[in-house]
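Undergrad: Fold the stuff below for me.
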Amino acid sequence: MSFFSDVERELTVIDRTPLTADVVALDLAATNGRPLPVWTPGAHVDLEVAPGVERQYSLCGDLADRTRWRVAILREPAGRGGSLAAHALAVGTVLRARGPRSNFAYEPRPGSPVTFVAGGVGITAVLPMLSSAAEAGADWELHYCGRERTRMAWVEDLAARHGARVHVHDSAAGDRLDVSALVRRRGTGGIWACGPAPLLDALHEAAASVPGAQVHVEHFTPQELSAPVWEGPFEVELAASGEVVVVPPQTSVLEALESHGAITVSSCREGTCGTCETVVLEGDVDHRDSVLTQSEREENLSMMTCVSRAACPRLVLDL
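TA: I've put the predicted structure just below:
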């Protein structure tokens with residue numbers, strides 16, 4: 001099950017726990033004291049960690065606990081500043097939040113084999129899936145990859161609790177995941193993965209040569225963009241009003257819509273969160289996001305207006 005919620009709320013930081021030298025967990029509760037919405041494994045929330053700085057973080061706490069949400073954040077000194085702002089948040093800080101929403105849903109099937117792959121802080125998206133798989137009696141295993149074991153959040157706890165189901169791949173110790181072998185052995189049961197782009201790309205590449213292999217991924221960083229299919233300006237028609245917006249070559253559909261005054265919702269603005277997904281009624285899309293699967297792209301039913309463009313002179317959107 002996947003879902004989308006654009007409800008805004010205020011959350012208060014009620015606890016702050018360092019997990020490693022670079023990762024901190026924040027526990028968040030509704031400022032008004034009300035129960036938080038139900039969420040499913042793979043869901044994330046948008047948090048305004050500083051004025052005008054909004055970032056997406058996977059929910060990684062107890063699915064049944066509606067008194068608090070938990071997120072874990074990797075400090076990235078060379079990033080865009082969001083992680084540094086998040087690491088500076090103190091207990092008592094009030095944040096604006098939106099969600100939860102999910103583009104990376106997992107529903108366990110009792111007895112069915114399933115494999116989870118996490119790279120670094122990608123463990124946050126996978127962690128609730130492990131609990132669901134275990135409770136459902138699924139035949140699951142986790143492959144947790146990191147540069148150094150001491151910098152891998154929850155690694156010792158996971159290994160102690162789940163034993164042989166957890167495989168730790170510590171690059172510093174020379175233990176790297178054999179992606180091709182894993183996909184050949186477990187790919188047909190389904191692989192859910194979150195982590196750096198090279199890891200996810202390797203999984204997709206390996207799956208292409210294994211009939212029936214299924215790989216589901218969530219990206220934390222945007223894909224590298226190639227030259228657009230349609231290099232010139234194109235038109236976007238708003239179906240509700242019939243108005244037409246011209247999108248110049250160096251302007252995104254989202255930016256053009258905003259300049260026109262159209263009501264839009266967005267968050268990451270880099271094709272990774274799915275907030276700006278919009279239904280396409282007519283026209284072909286040059287999909288450039290990290291959210292839609294290949295089959296969803298081929299269906300051409302929606303697009304992420306922040307990065308995807310037209311592959312034809314005109315698109316008609318359900319706006």
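
Undergrad: Okay, helices next: where are they in this structure?
TA: Defined through DSSP state H, the helices belonging to the chain, from first to last, are 82-87, 123-136, 155-162, 179-186, 197-207, 253-260, 294-299.

Undergrad: right, and those helices - which one's nearest Val229?
TA: helix 294-299 (12.3 Å; C-beta to C-beta). For glycine as for every other residue, the C-beta is placed from the backbone atoms N, C-alpha and C.

Undergrad: Just the buried residues of the closest one, please?
TA: By neighbour count, and taking 16 or more other C-beta atoms under 10 Å as the criterion, the buried residues in helix 294-299 are Arg297.

Undergrad: Then stretch 229-245?
TA: Residues of stretch 229-245 classed as buried under the neighbour-count rule (16+ other C-beta under 10 Å) are 230, 234-238, 245.

Undergrad: Bridged to the spatially most central residue of the chain, which residues?
TA: In the chain, the centroid-proximal residue (C-alpha atoms, centre = their mean) is Glu218; its distance is 4.6 Å. Note on Glu218: beta-bridge partners by DSSP bridges are Cys194.

Undergrad: ok now do it, which residues does it touch?
TA: Glu218 sits next to 42, 58, 103-104, 122, 125, 193-194 when contact means C-beta atoms under 8 Å, 6 or more residues apart in numbering.

Undergrad: Would you mind measuring from it to Gly122?
TA: According to C-beta to C-beta, to the nearest Å, Glu218 stands 8 Å off from Gly122.

Undergrad: so which of the contacts of Glu218 would you say is closest to Val168?
TA: When these are ranked by distance to Val168 (C-beta to C-beta), Gly122 comes first, at 13.9 Å.

Undergrad: ok so, going back, quickly name whichever of the contacts of Glu218 is closest to Leu257.
TA: Distance from Leu257 was checked for each of the contacts of Glu218 by C-beta to C-beta. The minimum falls on Asn103, at 20.9 Å.

Undergrad: surely the closest one meets Gly274?
TA: Yes. With contacts defined as C-beta atoms under 8 Å, Asn103 counts as touching Gly274 at a distance of 4.3 Å.

Undergrad: joint contacts of these two?
TA: Among the neighbours of Asn103, those also in contact with Gly274 (C-beta under 8 Å, 6+ apart) are Val291.

Undergrad: Where does pLDDT dip in the stretch 151-300 of the chain?
TA: By pLDDT under 70, the low-scoring segments of the stretch 151-300 of the chain are 221-223.
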